[in-house]
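>>> how would this look folded up:
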Amino acid sequence: MAKTVHHTHNVGDIVTFTFFDGGKYTGKIIEQTYQGDNIESVKTKYDMPTYKIHVDNPKGFTIYTCVTEHRVIRKDKTALQVSKEFISRPDFKVSKPKVKIKSELDEAIDAQKKFINRNA
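Okay, the predicted model is just below:
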């Protein structure tokens, strides 16, 4: 059995890769796998790390499976950089207006003030 090779890219990293059709795509790694681990009849090759990558396109998204280390051209952003950018977005930090919730006591006091002002 071959020695297990660890993945060089982490889940959440943004990478650019070439697929089997020759196109270059940029997407987010959503799963780390090994070649043949999802097929019952094939022995898993732990010396061939692969990735499942989610790529957004105008019609929605496409998930590319079995992308090996050799097909990844470059790592554009790490998972940590992506999460920091998401958290620091200006529309992410939306302040909600505070709604004053009246308790039963406040409602009873307001009702008494209204009654007193009506009879005065």
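>>> Tell me the buried residues in the lowest-mean-pLDDT helix or strand in the chain?
Of all regular secondary-structure elements in the chain, judged by mean pLDDT, DSSP states H and E, the least confident is helix 79-87 with a mean of 77. Of the residues in helix 79-87, none is buried by neighbour count under the rule 16 or more other CB atoms under 10 Å. The C-beta positions use only the backbone N, C-alpha and C, and glycine is treated the same way.
>>> from now on call the first residue 477
All right, first residue 477 from here; so that's helix 555-563.
>>> Put the alpha carbons of the helix or strand following that helix into CSV.
The element immediately downstream of helix 555-563 (helix or strand, assigned by DSSP states H and E) is helix 580-595. Presented in CSV, the C-alpha positions along helix 580-595 are these (Å, rounded to 0.1, in the frame of the first residue of the first chain):
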residue,chain,number,x,y,z
GLU,A,580,-47.3,45.3,31.4
LEU,A,581,-46.4,47.8,34.1
ASP,A,582,-45.5,50.5,31.5
GLU,A,583,-48.8,49.8,29.7
ALA,A,584,-50.8,50.1,32.9
ILE,A,585,-49.1,53.4,33.8
ASP,A,586,-49.8,54.8,30.3
ALA,A,587,-53.5,53.7,30.7
GLN,A,588,-53.8,55.5,34.0
LYS,A,589,-52.2,58.7,32.6
LYS,A,590,-54.6,58.6,29.7
PHE,A,591,-57.5,58.2,32.1
ILE,A,592,-56.3,61.1,34.3
ASN,A,593,-55.7,63.4,31.4
ARG,A,594,-59.2,62.6,30.0
ASN,A,595,-61.0,63.5,33.3
